Each structure stands twice: as C-alpha cells, then as structure tokens.
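Asker: Turn this into a structure:
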Amino acid sequence: MVHVHNFADGALNPVLAYVMSCVGCFLGLRCATRSNASQGAAKARWLVLATIAIATTGIWVMHFIAMLGFAIPGQTIRYSVPVTLLSMLIAIVVVGAGLFITGFSRGGAGPLLVGGLVVGLGVASMHYLGMAAIRVPDTLSYNPVLVVASVVIAVIAGTAALWAALRLDSAWSAFGASLIMGVAVSGMHYTGMAALQVYADPGLAATAQGGVSAGAFLLPLLMGISSLAFILSIVISLAPTAAEMVEEAGLMARIGRPAPQQPPPDRRPYQNRNQHQNRNQHQNRNQHQDRGQRQDGGRPEREASPEQEAAPELGSLFRPRHSRPPQE
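Answerer: Residues are numbered from 1 along each chain as shown. Reported below is the predicted structural model:
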C-alpha cells in the first residue's frame, strides 16, 4: 500500500477549506432566510441562490481546496475535467433538491428528513465522484466502515443545514450554524479521505497521463467560484432582510386591500327625533289652548246686544231676517 499525505501543505489547506465552507454555508443560509419571507417565483430565486452558495462554495470548493493538499510521494496527481465538473453538478442538484423539498413543504419532520437524506447521499456521491476524477498510476480502494461513517456524517450535515435554513432568521444565528456546518462538511471530507487506500499498479501508468494538473485546472476554477461567492455576498448585503420583506409585504397588502364598505346610515334616530319634535309641538299647542281656556273660564259670557241681534245676516240687505211678507 502506498503512503499518502492529506496535509502536504500543512494546516493551510484544511483551514482555508473550512473557511470557504463556512462562507458558502453562511451565504446560503442568508438566502434561505429570505426565501422563507417570499412567495412564488421570488422564493424560488432565493432558493436557487442558496443552492449555488452551499453546493459550490460550501461543499465543492471546500472539497477541492482540501484536495490541493493531497499528495502521493513521487507522483503527480492529475484530474479528469468532465468527472470533476460532473461532481460539482451533482452537488448543485442534490442540495437544490433538498432545499426545494423543505422550502415548499408545509413543515414537519418528514420533508426535513427526506431532504437531509437526499442532500447527505448527494454530497457523499459528490465526494467519491471527485475522488474518481483522480488520475494516478495506482489503484484506489476504500475502507467500507469509514465510507459508511462519512455518509452518515454527510446525512447529518445535510439535515442540519436544511433545519438551519428553515429555523434561523438572524445573521448571528446563521453565522453560528455555518461554523457547525463547516465542521460537518470538513469532517465528512477527511473521514472519506481516511477511508482511502492506495495500492501501486504499474499497469495503470498510461491512464495516469490523462487529465490536467491541479494547478492548471483547479486553481482557476476555485478562484472563479470564490469570486462568484463574493458577488453573491454583495447581492445579499444590498437586498432587504427577511424582516423588511415581511413588513413590506404587509404594507403592500394593506395598500392594495379595498376599503371596507360602510353600513348604510341608520335613519331611525332622525325619524325618532322628528317624531319627538312633532310630539313636543303638539303638547305645547295643547298646553297653550288649555291655558287660554283656564284664563277665560272665570268670566261670564256676554249677552248679545239688541244691535247685534238686529244685525242683518249676510244677504239680508234686501230682505230683513224677521220681516213679514207684504200683504195684498
């Protein structure tokens, strides 16, 4: 068995890989937090950004930065370009599947466990597919126990990442979760590397000539993805927070909501008031009449004078009232 080095450059590679994993997970969690405050297409866009941040910077970049510290004495390690790119594509697909399963679910442990299982198995597949991209004149095999342990760690890390994406809202909580996720991703990687067993096989010397070196392929690719993470961090910093998005959505809902219809005015108070006024006027009129009758009640009625009795009626100017008819 050939002896290998996982820390050929000392602590530089594992520390840098851990930092990049934390950065990718933190950016992904901040995007996931904003997706929780969005609906429809906006929610999907934030989940896509979270997928890119976690899958590329948080997982894939971490893996290959750590692989830059992997060395076999006396050999030049080369990588297959198509297989390496395929491993990155698998990471994006499985992380996106897990985020969309939990992001568009109604909550509960079921979608979280399913999504965590999908992400964990996918991340483990990405790791071992990336290892399959190595081109060396040796045979690579793995310790099954450590392989299973690495897969279990990947599933736990994936479930924890999805749980954090659904539950954590503040930047500090996302920061703390990203530190834990970085430990889980790094632990999964180095557990898988500990399972690696390399055996010399001179018959594979021709196969080792294929592929490209890490310096010619991985370094430019890693720098490009790191630049993408920097741009994503600017986008997140300029975008409104989840609390601001919720407040804005509530304000727009209140603005767009039609004004409540007022009930028709109750005319009964006016009718009752008019009836009360009429009743008061009637009572006042009756009281006035009663007062006049009381004032006149103590006076005797005047007898009509002879002139008043002899006054002609209407139309009696030509014929008096008590005149007798003329006698022949």
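
Asker: Next up, the contacts around Ser233.
Answerer: Ser233 makes contact with Val23, Leu27, according to C-beta atoms under 8 Å, 6 or more residues apart in numbering. Bear in mind the C-beta positions are built from the backbone N, C-alpha and C, glycine included.

Asker: could you say which helix or strand contains it?
Answerer: Per DSSP states H and E: Ser233 is located in helix 214-238.

Asker: Name the SS class of Tyr18, please.
Answerer: Secondary structure, DSSP: H, G, I helix; E, B strand; the rest coil: Tyr18 is helix.

Asker: right, and it touches Ser186 too?
Answerer: Yes: counting by C-beta atoms under 8 Å, Ser186 is a contact partner of Tyr18 at 5.1 Å.

Asker: got any residues that touch both of those two?
Answerer: What both Tyr18 and Ser186 touch, as defined by C-beta under 8 Å, 6+ apart, is the set Met62.

Asker: Which residues are in contact with Lys43?
Answerer: Ser35, Gly103, Phe104.

Asker: and which of the residues you listed is nearest Glu247?
Answerer: Nearest to Glu247 out of these is Ser35 (C-beta to C-beta; 16.7 Å).

Asker: Just to check, the closest one is in contact with Ala41?
Answerer: No: Ser35 is beyond contact range of Ala41, at 11.1 Å (criterion: C-beta under 8 Å).

Asker: What ranges does the stretch 101-250 of the chain have for its helices?
Answerer: Remark: helices assigned in the stretch 101-250 of the chain by DSSP state H, counting those that start in this stretch are 109-132, 144-167, 171-194, 214-238, 242-256.

Asker: want to throw those helices into JSON lines with mean pLDDT?
Answerer: Output for the helices of the stretch 101-250 of the chain, formatted as JSON lines (pLDDT from 0 to 100):
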{"stretch": "helix 109-132", "mean pLDDT": "88"}
{"stretch": "helix 144-167", "mean pLDDT": "88"}
{"stretch": "helix 171-194", "mean pLDDT": "88"}
{"stretch": "helix 214-238", "mean pLDDT": "78"}
{"stretch": "helix 242-256", "mean pLDDT": "73"}
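
Asker: Out of the ones you listed, which gets nearest to Met1?
Answerer: helix 171-194 (13.6 Å).

Asker: Please enumerate residues in contact with the closest one?
Answerer: With C-beta under 8 Å, 6+ apart, helix 171-194 has contacts from 6, 14, 17-19, 21-23, 25-26, 29-30, 33, 58-59, 62-63, 66, 70, 123-124, 127-128, 131, 142-143, 146-147, 149-150, 153-154, 156-157, 160-161, 164, 168.

Asker: Distance of the nearest residue to Ala97 once chain neighbours are set aside relative to Ile52?
Answerer: The shortest distance from Ala97 to any non-neighbouring residue, by C-beta to C-beta, 6 or more residues apart in numbering, is to Val118 (5.2 Å). Val118 sits 17 Å away from Ile52, taking C-beta to C-beta, to the nearest Å as the criterion.

Asker: quick check, distance from stretch 248-257 to the centre of its chain.
Answerer: 16 Å (C-alpha atoms, centre = their mean, to the nearest Å).

Asker: Next: stretch 93-110.
Answerer: 13 Å.

Asker: ditto for stretch 100-118
Answerer: 15 Å.

Asker: Can you list the buried residues in that stretch?
Answerer: In terms of neighbour count (16 or more other C-beta atoms under 10 Å), stretch 100-118 has its buried residues at Phe100, Ile101, Thr102, Gly103, Pro111, Leu112, Val114, Gly115, Gly116, Leu117, Val118.

Asker: helix, strand or coil for the first one?
Answerer: Using three-state DSSP, the secondary structure recorded for Phe100 is helix.

Asker: Next, the contact list for the nearest residue in space to it that is not next to it in sequence, please.
Answerer: Leaving aside its sequence neighbours, Phe100 sits nearest to Leu47 (C-beta to C-beta, 6+ apart; 5.9 Å). Contacts for Leu47 (C-beta under 8 Å, 6+ apart) come out as Cys31, Ala32, Ser35, Gly96, Leu99, Phe100, Gly103.

Asker: switch the cut-off to 6 Å
Answerer: Ser35, Leu99, Phe100, Gly103 (C-beta atoms under 6 Å, 6 or more residues apart in numbering).

Asker: Of those residues, which is the nearest to Leu221?
Answerer: Taking those together and measuring to Leu221 by C-beta to C-beta, the closest member is Leu99, at 23.3 Å.

Asker: gap between the residue nearest to Val95 when sequence neighbours are not counted and Ile101?
Answerer: Nearest residue to Val95 in three dimensions, chain neighbours excluded: Ala55, at 4.0 Å (C-beta to C-beta, 6+ apart). Per C-beta to C-beta, Ala55 is found 15 Å from Ile101.
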